[in-house]
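Colleague: give me a 3D structure for the following:
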Amino acid sequence: MSIVEKIPCTIVTGFLGAGKTTLVRHVMENAGGRRLAILVNEFGDVGFDGSFLAACGVPGCTEEAIVELPNGCICCTVADDFVPALNTLLERSEPPEHILIETSGLALPKPLVQAFQWPAIRSRVTVDGVVAVVDGPAVASGAFAEDPDALAAQRAADASVEHENPLEEVFEDQLLCADLVVLNKADLLSETERAGVRAEIERQLPRAVKVVETAHGAIDARVLLGLNAAAEDDLDARPSHHGEGEDHDHDDFETVALPVRPARTPADLAARVEKAAETAGVLRIKGFAEVEGKPMRLVVQGVGTRVAHHFDRPWRATEPRDGRLVVIGLKGFDRDAVAAALAG
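Modeller: Modelled structure (predicted):
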């Protein structure tokens, strides 16, 4: 099979809160009839990103088109999780025309690119491109994520995350492997801040890579798909801070899914989430909830100090309207206090 016959795959990398899921969903909604499949890797037992993507509501965008790889950092579980999941997609009677792979905020992209050299898949797929999504305001503020503690918690809570490197180096690795950089949330930056962030990104890039500015992950799918990078054959041009077989330790963090009663208004729930986030040790909150009198499901995402919310789709007739929020925090954080705050 020649390389032009391989199914192209786009790896979407970037730190927690950068906007990867929103960008992937936008591509799904504007795929122009192309048959896409999604592999999404997230932290914790409760799938959020996969459900959010499955709610795009466009023809061909079904739950069957999305494969979730929870409870692991995809770059550390290639053999156990990624390759088998990819093979499942490839063995379908109608395989996808393009595969989007959304990594968790901690994943190092280069080991994932290297996996495309595995004999089981190398003749069937190619890395069309590595897209690094950057949180513009976070970089402008001097951090590489909206809440660096939340990323540290994600890594420490998951035994499959085998790299224990400074977060700055993970951020740099994501840029060093990129074929395209998406500077997201550019609408929240002043002209001066935007220029500074672009300069910081370009300082990290090892070669000429285009930087595209976006707001809310809205970007033409034609910009992301069809880069024809064949990245698995170009590994030497993608330096990394991280070697293989590094030692690792993990502190005690925990994730819990808590029920939340229906909200009177979206602002009501956002206020409850903000109050819950003030509890000592709480690092991140995200999930779905019901709003009284509304047929739509409310999505709530708290990243760092920001709480955002929007309606994503109607509740299905057969699904219970059980609101549930995932809380990530230091082990032993006061769950009762969080539950009380969410209860209002």
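Colleague: what's the burial count for the nearest residue to residue 238 once chain neighbours are set aside?
Modeller: Excluding the flanking residues, the one nearest residue 238 by Cβ to Cβ, 6 or more residues apart in numbering is residue 177, at 4.6 Å. Backbone N, C-alpha and C define where each C-beta goes, glycine included. By the criterion of other Cβ atoms under 10 Å, residue 177 has 27 neighbours.
Colleague: could you measure from residue 177 over to residue 229?
Modeller: 10 Å (Cβ to Cβ, to the nearest Å).
Colleague: who touches both of these two?
Modeller: residue 130 (Cβ atoms under 8 Å, 6 or more residues apart in numbering).
Colleague: circling back: in contact with the residue nearest to residue 238, which residues are there?
Modeller: Here residue 177 is in contact with 13, 108, 109, 110, 113, 130, 132, 231, 238, 240 (Cβ under 8 Å, 6+ apart).
Colleague: return the member of those nearest to residue 20.
Modeller: Taking Cβ to Cβ as the measure, residue 20 lies nearest residue 13 of these, at 7.5 Å.
Colleague: run me through the strand neighbours of the helix or strand where the closest one lies, direction for each.
Modeller: Element membership for residue 13, per DSSP states H and E: strand 7-14. Sheet partners assigned to strand 7-14 using DSSP bridges are listed as strand 98-102 (parallel), strand 125-135 (parallel).
Colleague: pLDDT weak spots in the stretch 51-200 of the chain?
Modeller: 51-65, 68-80, 106, 143-167 (pLDDT under 70).
Colleague: now the helices for it?
Modeller: 83-90, 109-115, 136-140, 148-157, 167-176, 191-204 (DSSP state H, counting those that start in this stretch).
Colleague: next one: the stretch 201-344 of the chain
Modeller: 221-224, 266-277, 335-343.
Colleague: residue 340: neighbour count?
Modeller: 14.
Colleague: ok, now how distant is it from residue 195?
Modeller: For residue 340, the distance to residue 195 - Cβ to Cβ - is 45 Å.
Colleague: do the same with residue 138
Modeller: Distance of residue 138 to residue 195, computed by Cβ to Cβ: 16 Å.
Colleague: give the phi and psi angles for the closest residue to residue 343 other than its chain neighbours, as a check.
Modeller: The shortest distance from residue 343 to any residue other than its chain neighbours is 6.3 Å, reached at residue 261 (Cβ to Cβ, 6+ apart). When read as degrees, to the nearest 10, the backbone of residue 261 gives phi -70, psi 160.
Colleague: on that earlier part again, out of the helices of the stretch 201-344 of the chain, which comes closest to residue 312?
Modeller: Nearest of the helices of the stretch 201-344 of the chain (Cβ to Cβ): helix 266-277, 12.0 Å.
Colleague: on contacts alone, who are the packing partners of that closest one?
Modeller: If you count contacts as 3 or more Cβ pairs under 8 Å, 6 or more residues apart in numbering; DSSP states H and E, helix 266-277 packs onto strand 282-290, strand 296-303, strand 306-314, helix 335-343.
Colleague: turn these into JSON lines, including mean pLDDT and distance to residue 184.
Modeller: Shown next, in JSON lines, are the helices and strands packed on helix 266-277 (pLDDT from 0 to 100; distance: least, Cβ to Cβ, whole Å):
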{"stretch": "strand 282-290", "mean pLDDT": "83", "distance to residue 184": "17"}
{"stretch": "strand 296-303", "mean pLDDT": "84", "distance to residue 184": "12"}
{"stretch": "strand 306-314", "mean pLDDT": "85", "distance to residue 184": "13"}
{"stretch": "helix 335-343", "mean pLDDT": "90", "distance to residue 184": "28"}
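Colleague: pick the most buried one from the ones you listed.
Modeller: Mean neighbour count (mean count of other Cβ atoms under 10 Å) peaks for strand 282-290 among the helices and strands packed on helix 266-277, with a mean of 24.
Colleague: name the helices or strands packed onto it?
Modeller: Packed next to strand 282-290, using 3+ Cβ pairs under 8 Å, 6+ apart, are helix 148-157, strand 253-260, helix 266-277, strand 296-303, strand 323-330.
Colleague: next, the angle helix 335-343 makes with the third one.
Modeller: Using axes from the mean of the first three to the mean of the last three Cα atoms, to 10 degrees, the direction of helix 266-277 lies 160 degrees away from that of helix 335-343.
Colleague: roughly how far does residue 229 sit from residue 13?
Modeller: For residue 229 relative to residue 13 (Cβ to Cβ), the value is 14 Å.
Colleague: residues in contact with both of the two, list them for me.
Modeller: The contact lists of residue 229 and residue 13 share residue 130, where a contact means Cβ under 8 Å, 6+ apart.
Colleague: could you redo the helices and strands packed on strand 282-290 as TSV and give each row distance to residue 206?
Modeller: What follows is the helices and strands packed on strand 282-290, written out as TSV (distance: least, Cβ to Cβ, whole Å):
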stretch	distance to residue 206
helix 148-157	23
strand 253-260	33
helix 266-277	37
strand 296-303	28
strand 323-330	33
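Colleague: got the contact list for residue 210?
Modeller: Taking Cβ under 8 Å, 6+ apart, we find residue 210 in contact with 180, 181.
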